[in-house]
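Chemist: Attaching a predicted model along with its sequence, questions to come.
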Amino acid sequence: MVASSIRGVRARQIFDSRGRPTVEADVELEDGTTRRAAVPSGASTGKHEAHELRDGDPQVYAGLGVLQAVRSVQNVIAAAVIGFDARDQETLDAHLRELDGTPRLERLGANAILAVSMAACRAAAAADEVPLYVHIARLAGVDQPVLPMPMINILSGGAHARRGMDVQDFLVIPTGAVGLDQALREVAAVRAAAGRLLSDEGKSVLLADEGGFSPGYETAREALELLVRAIEAAGLRPGDDVSIAMDVAATQLVTPQGDYFLRREGRSLSTAGMVEQVLGWVERFPIISIEDGLAEDDWAGWRTLTARLGGKVQLLGDDLFCTNVARIRQGIELGVANAVLIKLNQIGTVSDTLAALGVARHAGYRTVVSARSGETEDPFIADLAVGSAAGQIKVGSLSSSERMAKYNQLVRIQETLGSTHFSRGL
């Protein structure tokens, strides 16, 4: 046995930022090093994501318990990974997939497998006495880790805010910033200005799942106008200092008939109509990134949207790609989108996540490492974004400890890495 061989694994049920159960695992190595990791959970989930194993007992946490996934770790995974070298992430993760034996990790649960995969990754870094981002850079074959440009939530609707607005998230990107400190400072000013303007309008400043305000505007235009005013009120220039991003989460808008229904506006749109709607937003406002502008399997529509907008803005696939190498390659072959959202729990292991990042990067697609609406205080994705040189990170708003844990980790990493290694992102 080498010092970094796995000696023991434990798991437990903890709680995410929405108060829902999730899985946390500890991995202990032969040298005594022990590290843990906690798994996030999404609300706006695509059908192609890896399977999150829940207990389904309506009398206990409304069926959302994860004790089955915890038992997967305790009763199956723990014994099966004893002796595996935590430094060899790819071999460990391949073994975890083989243990499950299903494409979407439905037997043991992607939440069970990912908790062990992440904890082992963190333990290996500790055993080598290097920061996690340095270890991830080695795994990813990255020579120079880079601090990511943040994409930060200001207003929320969709599944993140009880359908208060049709579009799920309105975000800002501090495109004029030359360092992380400036980026966070400017977005904090925009967020504060947005809160003041909403209060002046008599709109709600209650927070949605990812910490954004949930004003319940009837149209996306109203939300976009508010963002422009907030940027200006912060003393910044829309489109120069700070630009706008949208997460449409269009899969959530699709009707059984295949149309897109904007419930708050009372409008039903065909794919062509939805493409024109997105084009209209981009033409009228300083928008530089559109996430999931169309549904997860509307490949023909995505080709049209990419042909019309791909040279102008970042077209970011989330539900479309699900951090899945096969789907990313399909998109590349079809010439669909130009950027990939990266979420660890969509695919279930660290190695598969790094593979998705690699395939996207090789094809010239931008990459954005993302949190989920149900997060924990685990800042793993901050190190993932830096170590993989993803270029961008999407964590949520500048509020709530589970969000700030990631931003604070980036601040700590900056002390070691240096502010000059900052991605302009777009």
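Modeler: Noted; the coordinates are in hand.

Chemist: Rounded mean pLDDT for stretch 67-77, please.
Modeler: Per-residue pLDDT over stretch 67-77 has a mean of 98.

Chemist: Pull up the distance across it, start to finish.
Modeler: 14 Å (Cα to Cα, to the nearest Å).

Chemist: mind checking how far that stretch is from the chain centre?
Modeler: On the basis of Cα atoms, centre = their mean, to the nearest Å, stretch 67-77 sits 25 Å off its chain's mean C-alpha point.

Chemist: same question, stretch 112-119
Modeler: 17 Å.

Chemist: what does it rub up against?
Modeler: 9, 11, 23-27, 35-39, 50, 53, 69-70, 72-73, 77, 81, 89, 92-93, 96-97, 99-100, 105, 344-345, 348-351, 378, 380 (Cβ atoms under 8 Å, 6 or more residues apart in numbering). Glycine gets a C-beta too; all of them are placed from N, C-alpha and C.

Chemist: same check, this time on stretch 63-70
Modeler: Contacts with stretch 63-70, where a contact means Cβ under 8 Å, 6+ apart, come from 11-13, 20-23, 53-57, 108-109, 111-112.

Chemist: Go again with 6 Å.
Modeler: 11, 13, 20-21, 23, 53-57, 109, 111-112 (Cβ atoms under 6 Å, 6 or more residues apart in numbering).

Chemist: quick one: low-confidence parts of the stretch 1-150 of the chain?
Modeler: The stretch 1-150 of the chain contains residues with pLDDT under 70 at 44.

Chemist: any chance you could map the strands in it?
Modeler: Secondary structure of the stretch 1-150 of the chain (DSSP state E, counting those that start in this stretch): strands at 6-15, 21-29, 34-38, 149-156.

Chemist: who touches residue 313 in this structure?
Modeler: Contact analysis of residue 313 by Cβ under 6 Å, 6+ apart lists 282, 288, 290.

Chemist: low-scoring stretches of the stretch 151-300 of the chain, by residue?
Modeler: The model of the stretch 151-300 of the chain has pLDDT under 70 over residues 159-163.

Chemist: show me where it has helices.
Modeler: When assigned using DSSP state H, counting those that start in this stretch, the helices of the stretch 151-300 of the chain occupy the ranges 180-201, 220-233, 271-284, 299-309.

Chemist: Pick the most deeply packed of those.
Modeler: By mean neighbour count, with neighbours taken as mean count of other Cβ atoms under 10 Å, helix 220-233 ranks first of these at a mean of 20.

Chemist: that older thread, closest one of the contacts of residue 313 to residue 248?
Modeler: residue 290 (6.6 Å; Cβ to Cβ).

Chemist: Is that closest one in contact with residue 245, as I believe?
Modeler: No: in this structure residue 290 lies outside contact range of residue 245 using Cβ atoms under 6 Å: 7.5 Å.

Chemist: Domain map for this structure?
Modeler: Per the record, the chain has its domains at 6-129, 140-417, by automatic domain parsing.

Chemist: Let's have those domains in a markdown table, adding distance to residue 426.
Modeler: As requested, these are exported to a markdown table (distance: least, Cβ to Cβ, whole Å):
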| stretch | distance to residue 426 |
| --- | --- |
| domain 6-129 | 23 |
| domain 140-417 | 6 |
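
Chemist: who's in contact with residue 26?
Modeler: 10, 34, 36.

Chemist: okay, those in TSV with neighbour count and distance to residue 130 next?
Modeler: Below are those laid out as TSV (neighbours: other Cβ atoms under 10 Å; distance: Cβ to Cβ, whole Å):
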residue	neighbour count	distance to residue 130
10	17	24
34	16	17
36	19	18
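
Chemist: Between those residues, which sits nearest residue 309?
Modeler: residue 36 (42.1 Å).

Chemist: So that closest one versus residue 221, what's the distance?
Modeler: 45 Å (Cβ to Cβ, to the nearest Å).

Chemist: go on, residue 24?
Modeler: For residue 24, the distance to residue 221 - Cβ to Cβ - is 42 Å.

Chemist: Residue 363 against residue 333, yeah?
Modeler: No: taking Cβ under 6 Å as the definition, residue 363 is not a contact partner of residue 333, at 9.6 Å.

Chemist: what about those two, which has more around it?
Modeler: residue 363 (14 against 9; other Cβ atoms under 10 Å).

Chemist: which residue packs closest to the more buried one, ignoring adjacent ones?
Modeler: Excluding its sequence neighbours, the residue lying closest to residue 363 (Cβ to Cβ, 6 or more residues apart in numbering) is residue 332, at 4.6 Å.

Chemist: Is there a neighbour count for the one you found? I'd like the number.
Modeler: For residue 332, the neighbour count with other Cβ under 10 Å is 19.

Chemist: mind listing what's buried in the host helix or strand of it?
Modeler: Using DSSP states H and E, residue 332 sits within helix 325-334. Of all the residues in helix 325-334, those buried under the rule 16 or more other Cβ atoms under 10 Å are 325, 327-328, 331-332.

Chemist: Please apply the same query to stretch 350-364.
Modeler: So for stretch 350-364, counting by 16+ other Cβ under 10 Å, buried means 350-361.

Chemist: cool, and stretch 213-220?
Modeler: Neighbour counts over stretch 213-220 (16+ other Cβ under 10 Å) mark 213-217, 220 as buried.

Chemist: Need the nearest residue in space to residue 16, chain neighbours excluded.
Modeler: The shortest distance from residue 16 to any non-neighbouring residue, by Cβ to Cβ, 6+ apart, is to residue 374 (4.0 Å).

Chemist: and the gap between that neighbour and residue 256?
Modeler: Plainly put, residue 374 is 27 Å away from residue 256 if you go by Cβ to Cβ.

Chemist: Counting neighbours, go ahead and name the busier of those two.
Modeler: With neighbours defined as other Cβ under 10 Å, residue 374 and residue 256 compare such that residue 374 has more, 24 against 5.

Chemist: which residues does the more buried one contact?
Modeler: Counting by Cβ under 6 Å, 6+ apart, residue 374 touches 16-18, 20, 40-41.
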